[in-house]
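J.: Let me see the structure of the following:
(chains A, B, C and D)
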Amino acid sequence: MIRLRLLFFARSRELAGCKETELEVPAGSDSSVLSTAIVAAFPALRELLGHSVISVNQEYVGKPVLLHNNDEIAVIPPISGG
Amino acid sequence: MIRLRLLFFARSRELAGCKETELEVPAGSDSSVLSTAIVAAFPALRELLGHSVISVNQEYVGKPVLLHNNDEIAVIPPISGG
Amino acid sequence: MCDPDHVAVKEGELSLDQLARHVSSNHAGAIATFSGTTRDHFEGKKVVRLEYEAYVPMAEKELRSICKQVREKWEVMAVAIEHRIGVVPVGEASVIIAVSSVHRREALEAVHWAIDELKARVPIWKKEMYAEAEGEGDEDSSVETSAWKENAE
Amino acid sequence: MCDPDHVAVKEGELSLDQLARHVSSNHAGAIATFSGTTRDHFEGKKVVRLEYEAYVPMAEKELRSICKQVREKWEVMAVAIEHRIGVVPVGEASVIIAVSSVHRREALEAVHWAIDELKARVPIWKKEMYAEAEGEGDEDSSVETSAWKENAE
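T.: Predicted coordinates for the structure are as follows:
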């Protein structure tokens, strides 16, 4: 297993009940497993994840990227900066 | 005759040698006489007047307007505000 | 060469004059700025307070990337963007952008593109706190509700 | 109702923050500004100083008319324009414009139109003072020349 840092913001932070936690996924996983893994750990996030994006190491990811130990993952609900 | 206030700015002020003077034109004149009257009084302005505009009472005038005693006339060389 | 860009995601009041100094240069002839200010109403509800939250390091990374793209798309000298977080009183700026250029068209167009881009991709969230008067009997109690906003585009 | 416009043609430094306050409102969501700053070069000559002269009452009248037209053309809340006169050090703003609106597009477009209009019709003149080094013999005397500028449009 590899261990990831998982960050929540705004509505996802409120639903998760914390700002930051850890998430484990099987070694060799890519970012496409994240959504399912996060919902398994935080069922309350199911609906919000449908219209959120997940960043890896402070980048929006297009194609799935391979995950590594200590990667920084964040749930980014619809933004409203400006 | 009616007596007008005549103001100069920028290059027209430098060529006229003063900021303000008086100009007399025949009673009943409209603004179309101004250019000729100004050149007669200030020959040094002849060339500059060709690419300047003349304002009457702080307004750009399109069609000739009738002049009155104490009207404020100004020679407006090409502007460069901003 | 100095870094032509300046970005910050921070608490506290924002200043256009200070931001303009970040982009001003003796070679630039024009500086355009944009400020987004917080409004006091939303769908008839009175907004009493706003709070902004950011994924700060990623937000600053995205802002830096917007600055770079602005300089690739337009002939501009320098770009600066600051976004305020925490509580923002109604009427104060939550975001300010400044772009300098030799000719005015570039700075004005670039600032417009930059604010559109910021709203589309920088991970920052706004929560509006509303005052809703609920008249029940003689008592006129005021209940506070809130909502996380979503940018339209 | 308060006058939604503010204009001034005056000596001394200009402040974007102060100008933004003139147009800010709890109902506006956006403020766009433009500053014209003095450049340090013209056709290879070094500009050491600028001086602006205005037909002040007519200039303020034209500025007020520009503000009014802006509010007729766009859905904006308020417009403010200040033009500096007298000596303006290189790098400092000679003109600043601010427009507030509910939506950002209007303020940004309006500020662009306003500066174009100002340059086309407000009776203000800029004189550039150049430093020209004239090397004659051993002596390196510096002669100052100057020119009244003309806006292109």
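
J.: ok, now how distant is residue C:88 from residue C:126?
T.: Taking C-beta to C-beta, to the nearest Å as the measure, residue C:88 falls 9 Å from residue C:126. Yep, even glycine has a C-beta here, placed from its N, CA and C like the rest.

J.: where do the strands sit along chain C?
T.: C:5-10, C:30-37, C:41-42, C:45-54, C:78-84, C:86-88, C:93-101, C:124-136, C:139-148 (DSSP state E).

J.: Of those strands, give the one that comes closest to residue A:42.
T.: strand C:139-148 (17.1 Å; C-beta to C-beta).

J.: Report the rounded mean pLDDT for that closest one.
T.: Computed over strand C:139-148, the mean pLDDT rounds to 72.

J.: how about stretch A:32-52: buried residues?
T.: Residues A:34, A:35, A:37, A:38, A:39, A:42, A:45, A:48, A:49, A:52 are the ones in stretch A:32-52 that count as buried (16 or more other C-beta atoms under 10 Å in any protein chain shown).

J.: just curious, which of these is nearest to chain D?
T.: Closest approach between the buried residues of stretch A:32-52 and chain D, by C-beta to the nearest C-beta: residue A:52, at 25.2 Å.

J.: how about the nearest residue to that closest one once chain neighbours are set aside, phi and psi?
T.: Nearest residue to residue A:52 in three dimensions, chain neighbours excluded: residue A:77, at 4.8 Å (C-beta to C-beta, 6 or more residues apart in numbering or on different chains). Main-chain dihedrals, residue A:77, degrees, to the nearest 10: phi -70, psi 170.

J.: Enumerate every residue touching residue A:77.
T.: Shown in contact with residue A:77 (C-beta atoms under 8 Å, 6 or more residues apart in numbering or on different chains): A:9, A:10, A:11, A:12, A:48, A:51, A:52, C:125, C:148.

J.: out of these, which are inside strands?
T.: Assigned to strands by DSSP E, the following of the contacts of residue A:77 qualify: C:125, C:148.

J.: What is the nearest of the contacts of residue A:77 to residue D:7?
T.: So of these, ranked by how close each gets to residue D:7 (C-beta to C-beta), first place is residue C:125, at 38.6 Å.

J.: can you pull up the bridge partners for the closest one?
T.: Residue C:125 has these beta-bridge partners by DSSP bridges: residue C:53.

J.: was I right about it contacting residue A:75?
T.: No. Look at residue C:125 against residue A:75 with C-beta atoms under 8 Å: they stay out of range, at 11.6 Å.

J.: what sits in contact with each of the two?
T.: Shared contacts of residue C:125 and residue A:75, counting by C-beta under 8 Å, 6+ apart, come down to residue A:9.

J.: Burial check on the residue of chain A found nearest chain B, number of neighbours?
T.: Chain B sits closest to residue A:82 of chain A, with a gap of 29.2 Å, by C-beta to the nearest C-beta. Per other C-beta atoms under 10 Å in any protein chain shown, the neighbour tally for residue A:82 reads 24.

J.: cool, and residue C:19?
T.: Residue C:19 has 24 neighbours, counted by other C-beta under 10 Å.

J.: How much space separates it from residue C:6?
T.: As for residue C:19, its distance to residue C:6 is 8 Å (criterion: C-beta to C-beta).

J.: thinking again about what came up before, what is in contact with residue C:88 and residue C:126 at once?
T.: Listed as contacting both residue C:88 and residue C:126 by C-beta under 8 Å, 6+ apart are C:50, C:51, C:52, C:94.
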